[in-house]
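Novice: coordinates for the following, if possible.
(one chain, ligands or ions: 1)
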Amino acid sequence: MRRNKTNWRPCPDRIRTIQGEVHVWRCPLNLSAKRAGGWYRVLSSDELIRAGRFLFKKDRVQFIVARVFLRVLLGRYLRRLPGAIRFTYGENGKPGLSAHSVHGPFGFNIAHAGDWIVCAVAPSSQIGVDIECPRRGLDVLLLGDSFLSDGEQEALRSLPVGERITSFLACWTRKEAYLKSMGKGLQVPLDSFEVSVRPSERPRMVAIDGNQDRAEHWFMEEFAPTQGYAGAVVAPGRNWKVVYRDFALESRASHEKMSVKA
Ligand SMILES: CC(C)(COP(=O)(O)OP(=O)(O)OC[C@H]1O[C@@H](n2cnc3c(N)ncnc32)[C@H](O)[C@@H]1OP(=O)(O)O)[C@@H](O)C(=O)NCCC(=O)NCCS
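Specialist: Have a look, this model is predicted:
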């Protein structure tokens, strides 16, 4: 079985994009409501409106923590204060940065699941990441009928029962990371492309619209934000090196003058 442990490295003092490198950052979301409350002021008015829409406090706090993490992290790449980051949104909701904020290619994408958030950053706007927390009792064959391509379903059925849920979640994160890289979300039919499923195979795009050559142009790597989770990062091209890093929001945040906005 593949699936090696991900090597999460400490945060370096200087953060910058490097040609050919994807950085995947992880940050825990389980911080107290009291701490998150103090961070409200770095959010933009549309983020505050979104935060206010959450029915449950836990979800609201996680949304705030996720946005603060994103702003603090991107601020360190761009040498800006967290409150000065301006987001734009694609047609299907993919967040990006306004053109005047960045010089040169710069892309990011976030995913949250359970108590974790991850953010992938790369010198490419077509970066996509997804994570899923462990689930028990999923009827993956039934889910596969609705969401997987024929080849993926077949691969799933061929596996021993005990390997199916993990393999389904790995497959799912690969598919979603690809959708997120293009920013089109569920507009792209889930059976129009195929990814590898079996634990014995390396994570890869197998075919796009039945075309294996097109699939060759996509890079894919798997990781785990923590034990038992599934994760995948996808980017166009082939020769990416992925560096996995920890981000401790609390200690970083306390060093920032977070209330200042541009
Ligand atoms: C993007 C999408 C795949 C997210 O899936 P999810 O598992 O619920 O959530 P994840 O944690 O993986 O990712 C959420 C983050 O992805 C980012 N995101 C949102 N839309 C995105 C898109 N179209 N492409 C890439 N990333 C997107 C956001 O940063 C979001 O976090 P935020 O809401 O805190 O800002 C899903 O919501 C989607 O498909 N949206 C597109 C809308 C769409 O196509 N609608 C048609 C419905 S038929």
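Novice: flag every residue of this protein that's near the ligand.
Specialist: Within the chain, the positions adjacent to the ligand are 66, 92-95, 109-112, 130, 176, 179-180, 183, 185-187 by Cβ under 6 Å from any ligand atom. Bear in mind the C-beta positions are built from the backbone N, C-alpha and C, glycine included.
Novice: run the last query once more with 8 Å
Specialist: By the rule Cβ under 8 Å from any ligand atom, the part of the chain lying against the ligand is 50, 63, 66-67, 70, 89-95, 109-113, 117, 128-132, 176, 179-187.
Novice: kindly give a single ChimeraX line that selects the buried subset of the residues you listed.
Specialist: Of the residues of the chain next to the ligand, the buried ones go into a single ChimeraX selection, burial set by 16 or more other Cβ atoms under 10 Å:
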select :63,66,67,70,94,109,110,111,112,113,117,128,129,130,131,132,176,179,180,181,182,183
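Novice: compute the distance between residue 248 and the ligand, please.
Specialist: Distance from residue 248 to the ligand, counting by Cβ to the nearest ligand atom, to the nearest Å: 20 Å.
Novice: based on its surroundings, how many neighbours for that residue?
Specialist: 11 (other Cβ atoms under 10 Å).
Novice: show me what contacts it?
Specialist: Residue 248 makes contacts with 11, 27, as judged by Cβ atoms under 8 Å, 6 or more residues apart in numbering.
Novice: recalculate using a threshold of 10 Å.
Specialist: Contacts for residue 248 (Cβ atoms under 10 Å, 6 or more residues apart in numbering) come out as 10-11, 27-28.
Novice: closest one to the ligand out of the residues you listed, please.
Specialist: Closest to the ligand out of the contacts of residue 248 is residue 27 (12.7 Å), distances taken as Cβ to the nearest ligand atom.
Novice: and the closest one, its phi and psi?
Specialist: Dihedral angles of residue 27 (phi, psi; degrees, to the nearest 10) stand at phi -150, psi 130.
Novice: thought it was touching residue 119?
Specialist: Yes. Between residue 27 and residue 119 there is a contact under Cβ atoms under 10 Å: 7.7 Å.
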